[in-house]
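S.K.: Structural data only, the sequence is not supplied:
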């Protein structure tokens, strides 16, 4: 097992729920059934994480992600199963976990470091790096109970990320920090990943999962639904969110290739396409989706600075008064570069009778820099019920973006002025 950092075999966790406190005593002194209801937070989890791997966990609230991380971190015992962890674990599971609120920030740094197995000398050698990363100033000498939530998570992450963990576990806690701090945290996580640290990362930010993780796990109702490529797993997660069925089964989902059997639909050829997935209750259907240039010609290549049109034809399969059509353009890392929908633009929904069709055209300035991009198109209600949603349906390439770096060209202008010289 030298190459495995974490091994979980047949892990299950059961909690007992009592209707009233006295039932706990009855169960102890009067053994029998009927005193408690069993709630299984995890069921039969089998998972291995390789050393140096970055694994993303994604799923709806209550799916068991946090329970699983607590078991790996050793703060929660299993009901059944075997847990094997190889390496020093640093875990940021919840706001302020592991901190004594009566201790100062300085005292908590040394306290947490010693819990992780470091000597005071080792912690002292890292102290300046930790305080510089946390940026909480003189509050480092104040009790943690006087900190704001943002200050607590700053210090907690600074401690964990700078004490050389073998395994780093992060459970959505970074969402508390401001944008600048989150960016610094993500940079540090990338550095740790490049140094070979094993990382378990929980986030509802699908873009972070796609960009950071080598593999992702989708959890639902205490079970692992799927393990695999982050892009595919995130797409399935989006499908799960749009499903009315809480027992959504990925094996029987309506998976559609980009090349539709409907010849009227302008999907990209299988040889060019990225994998795409279709889901929704089919109360409305996407019949045709096309990416056109400014001359109304089908476009697979566009130039930076040109205009593109995204044309979608939608057919209602019921009388609908709340229909919304949306688009999302992503780069190949899964980062959403631009997204909008008809309700955001027009502040009103679309009304359609059964079997009536509508054509929606988005006029989008092509400000994207060089690269390949994918288009996701969705039809849903104002409340978010998915009627028809196809992920990464079309791929197109943007060329000739030579004037800048990054993913977008904001078309900056430059004004150069030379100082005027007065002859002596």
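M.R.: Looks like it came in fine. If you're wondering where the values come from, they're calculated on a predicted model, not measured in any experiment.
S.K.: Now do the contacts for residue 48.
M.R.: 4, 6, 7, 8 (CB atoms under 8 Å, 6 or more residues apart in numbering). All C-beta spots, glycine's among them, are computed from the backbone N, C-alpha and C.
S.K.: Please pick the buried ones from the residues you listed.
M.R.: Buried members of these, scored by 16 or more other CB atoms under 10 Å, are 6, 8.
S.K.: What is the nearest of the contacts of residue 48 to residue 104?
M.R.: When the contacts of residue 48 are compared for distance to residue 104 (CB to CB), residue 6 wins out at 33.4 Å.
S.K.: Excluding chain neighbours, give the residue nearest to the closest one in space.
M.R.: residue 49 (4.1 Å; CB to CB, 6 or more residues apart in numbering).
S.K.: hang on, the one you found packs against residue 198?
M.R.: Yes: at 6.1 Å, residue 49 counts as touching residue 198 under the criterion of CB atoms under 8 Å.
S.K.: And those two? Which one has more around it.
M.R.: Higher neighbour count among residue 49 and residue 198: residue 198, with 25 against 22, using other CB atoms under 10 Å.
S.K.: partner residues bridging the more buried one?
M.R.: Beta bridges link residue 198 to residue 167 when assigned by DSSP bridges.
S.K.: residues touching it, list them.
M.R.: Contacts of residue 198 (CB under 8 Å, 6+ apart): 5, 6, 49, 50, 51, 52, 53, 54, 87, 166, 167, 168.
S.K.: Go again with 10 Å.
M.R.: Residues near residue 198 by CB atoms under 10 Å, 6 or more residues apart in numbering: 4-6, 49-55, 85-87, 89, 165-169, 192.
S.K.: Could you do residue 360 as well?
M.R.: Residue 360 sits next to 289, 310-314, 323-327, 341-342, 345, 350, 377, 379 when contact means CB under 10 Å, 6+ apart.
S.K.: Out of those residues, which sit inside strands?
M.R.: Within the contacts of residue 360, residues falling in strands by DSSP state E are 289, 310-314, 323-327, 341, 350, 377, 379.
S.K.: Show the buried residues in the contacts of residue 198.
M.R.: 5-6, 49, 51-55, 85-86, 89, 165-169, 192.
S.K.: Narrow those residues to those in helices?
M.R.: residue 192 (DSSP state H).
S.K.: Serialize the contacts of residue 48 to TSV and add fields for distance to residue 279 and pLDDT.
M.R.: Output for these, formatted as TSV (distance: CB to CB, whole Å; pLDDT from 0 to 100):
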residue	distance to residue 279	pLDDT
4	34	93
6	31	94
7	33	95
8	29	95
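S.K.: Point out the other helices and strands that the helix or strand bottoming out on mean pLDDT in the chain packs with.
M.R.: One helix or strand of the chain scores below all others by mean pLDDT, DSSP states H and E: helix 22-29, with a mean of 74. Judged by 3 or more CB pairs under 10 Å, 6 or more residues apart in numbering; DSSP states H and E, the packing partners of helix 22-29 are strand 4-18, strand 36-50.
S.K.: do you know which of those lies nearest residue 132?
M.R.: Nearest of the helices and strands packed on helix 22-29 (CB to CB): strand 4-18, 28.7 Å.
S.K.: Show me what the closest one pairs with in its sheet, parallel or antiparallel.
M.R.: strand 36-50 (antiparallel), strand 80-85 (antiparallel).
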